[in-house]
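# Quick one, structure for this:
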Amino acid sequence: MDAVRLSQEQIAQFNDQGFLSIPRLTDAEDVAFLRTSYDRIFAEQAGREVGDQFDLAGTDEEGSKASLPQILHPAHYAPEMNRSKLLANATSVAHQLLGEEATCEIAHAIFKPAGHGAETPWHQDAAYWSPELRYRSVSIWVPLQEATEENGCMQFVPRSHRLDILQHRSINNDPRIHGLEIAPEAMERVAGVVSCPLPAGGATFHGPYMLHHTPPNRSTIPRRALILNAGLPPEQRSKALHFPWAEQRTTARDRRARDAAVRGLEVSGPPTGELGNS
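Residues are numbered from 1 along each chain as shown. Predicted coordinates:
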């Protein structure tokens with residue numbers, strides 16, 4: 001397919017509203033290619049031993065039924081993904097939004113099982129990252145089947161990208177759960193919500209401070225999503241923020257990653273946008 005070019009109106013919308021939705025970032029052939037690799041690595045629970053595969057919305061005990069399984073660095077386990085049209089086109093769009101110096105990677109994959117896939121609560125991606133840095137990045141969310149409100153499409157609060165980090169906590173205020181949600185007192189910020197249903201291979205784009213959410217999967221088909229992250233080097237804050245939710249976290253995923261490092265296993269480390277997407 002031809003390279004994806006944004007219009008000046010689309011770039012202006014992204015800068016003003018904080019998000020952008022486009023119906024086509026890659027084609028059906030590429031989606032089928034990516035789905036084959038995606039389904040294989042989830043069937044294998046690729047990366048679980050080193051902490052790259054885990055349940056984002058649950059306590060992630062061994063043998064438990066995951067409600068929102070995720071794999072970090074999916075292209076580490078399926079290198080063929082790096083040859084996709086998706087990555088090439090996402091990189092092109094990232095250059096249009098951030099500049100030619102921006103780099104882009106396939107950062108993680110999130111799977112909402114049919115009928116019971118959990119919601120991803122309202123959050124800001126940068127709440128997962130370093131409190132000492134200010135980020136200049138874009139998350140690119142791509143469904144590998146049609147994404148609807150019934151199965152968990154992206155939702156945004158327009159112009160919330162102008163906020164700094166709100167108070168967050170672990171989902172259900174349980175430090176054993178890796179996923180985050182904004183604290184109840186911050187929910188007043190969630191207003192004027194816009195849903196972004198998409199065909200397979202479409203995409204949404206948002207920055208690290210944007211409030212976003214995906215509903216649970218109430219449909220009869222799994223919801224597959226790949227998330228790419230593009231960015232410029234972050235800037236040092238003049239004064240670091242305080243993230244108590246990160247200090248209190250005690251997850252099975254973190255323990256597996258630490259144990260793997262002690263045993264000398266290859267641990268891939270966090271991607272540009274570590275865990276924040278939906």
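# And the strands in this structure?
19-22, 53-55, 69-72, 103-112, 120-123, 133-143, 154-156, 168-170, 180-182, 194-196, 203-206, 212-214, 223-236 (DSSP state E).
# what's the closest of those strands to Glu44?
For Glu44, the closest of the strands of the chain is strand 53-55, at 8.7 Å, according to CB to CB. Any C-beta I mention is one placed from the backbone N, CA and C, and that applies to glycine too.
# So which elements touch that closest one?
Applying 3 or more CB pairs under 8 Å, 6 or more residues apart in numbering; DSSP states H and E, one finds that strand 53-55 contacts strand 69-72, helix 252-262.
# Pull out the buried positions in the longest one.
Buried residues in helix 252-262, counted by 16 or more other CB atoms under 10 Å: Ala252, Arg253, Arg256, Ala257, Ala260.
# if we can go back for a sec, how about TSV for the helices and strands packed on strand 53-55, with mean pLDDT added?
TSV is the format used below for the helices and strands packed on strand 53-55 (pLDDT from 0 to 100):
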stretch	mean pLDDT
strand 69-72	97
helix 252-262	91
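# among these, which is nearest Ile182?
strand 69-72 (19.3 Å).
# That closest one: partners in the sheet, and parallel or antiparallel?
strand 53-55 (antiparallel), strand 103-112 (antiparallel) (DSSP bridges).
# now this protein, which segments are flagged as low pLDDT?
Low-confidence segments of the chain (pLDDT under 70): 1, 266-277.
# Regarding it, what is its longest helix?
Using DSSP state H to define each element, the chain has its longest helix at helix 28-43.
# Just the residues contacting that helix, thanks.
The contact list for helix 28-43, computed with CB atoms under 8 Å, 6 or more residues apart in numbering, reads 26, 47, 69, 71, 74, 77-78, 80-81, 84-86, 109, 111, 144-145, 200-201, 224, 226.
# From these, keep the buried residues only.
Looks like these have 26, 47, 69, 71, 74, 77-78, 81, 84-86, 109, 111, 144-145, 200-201, 224, 226 buried, using 16+ other CB under 10 Å.
# returning to what we had before: among the buried residues of helix 252-262, which one sits closest to Phe205?
Closest to Phe205 out of those is Arg253 (27.0 Å), distances taken as CB to CB.
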